[in-house]
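*Asks:* Pasting the sequence and the predicted coordinates here, then a few questions.
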Amino acid sequence: MAYVIAEPCVDVMDKACVEECPVDCIYEGPRKMYIHPDECIDCRACEPVCPMDAIYYVEDLPAQWAPYAHANADFFAGLGSPGGASSIGKREMDAAFIAAQPKRAVTAPPKNEPPPVLVSLGRMARKWLK
């Protein structure tokens, strides 16, 4: 598994990541977006454009969000690898872990607001320094 979309995306789904993804590997459920682990090419294009700072390389996923890696795997367990999100459109189901969470009223940052580049650059620098 390469990248995981964590808790900040639940009930927000800004979709800037979808627009940036060159391989169409970000799938949509009713409440959250999911990155297909076999289709993702680890290009990191999605990570810096996420206004919610919800996308993490699986090894950098904060411990409190570890269940989101399992939810990502569960989402694709029955779906397989359809070869691109646009070919199947929005799915009508989320992973059970996501569906069981209470809905929350969250507003996404305005579209004009720049992504949290400094946070993403810091995370990328830590990866490069390893």
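*Replies:* Arrived safely, thanks for sending.

*Asks:* CA only for contacts and neighbour counts going forward, please
*Replies:* Will do.

*Asks:* how about the strands of this protein, start to end?
*Replies:* 3-5, 26-28, 33-35, 55-57 (DSSP state E).

*Asks:* out of those, nearest to residue 87?
*Replies:* Closest of the strands of the chain to residue 87 is strand 26-28, at 10.1 Å (criterion: CA to CA).

*Asks:* follow-up on the earlier one: need the strands of the chain in JSON lines (columns: mean pLDDT, mean neighbour count and distance to residue 74).
*Replies:* Below are these laid out as JSON lines (pLDDT from 0 to 100; neighbours: other CA atoms under 10 Å; distance: least, CA to CA, whole Å):
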{"stretch": "strand 3-5", "mean pLDDT": "96", "mean neighbour count": "28", "distance to residue 74": "12"}
{"stretch": "strand 26-28", "mean pLDDT": "96", "mean neighbour count": "22", "distance to residue 74": "13"}
{"stretch": "strand 33-35", "mean pLDDT": "96", "mean neighbour count": "27", "distance to residue 74": "10"}
{"stretch": "strand 55-57", "mean pLDDT": "95", "mean neighbour count": "22", "distance to residue 74": "17"}
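
*Asks:* Looking at the ones you listed, which is nearest to residue 93?
*Replies:* Nearest to residue 93 among those is strand 26-28; the distance by CA to CA comes to 9.1 Å.

*Asks:* Quick one: list the elements packing against the closest one.
*Replies:* Helices and strands touching strand 26-28, by 3 or more CA pairs under 8 Å, 6 or more residues apart in numbering; DSSP states H and E, are strand 33-35.

*Asks:* Poorly predicted segments of this structure, please.
*Replies:* Across the chain, the ranges flagged by pLDDT under 70 are 1, 106-130.

*Asks:* Which residue ranges of it form helices?
*Replies:* For the chain, the helices defined by DSSP state H cover 16-20, 46-49, 67-77, 96-99, 117-129.

*Asks:* ok so, going back, who wins for proximity to residue 84 among the strands of the chain?
*Replies:* Of all those, strand 26-28 comes closest under CA to CA, at 7.9 Å.

*Asks:* Please name whichever of the strands of the chain is nearest to residue 42.
*Replies:* That would be strand 3-5 among these, by CA to CA, at 7.4 Å.
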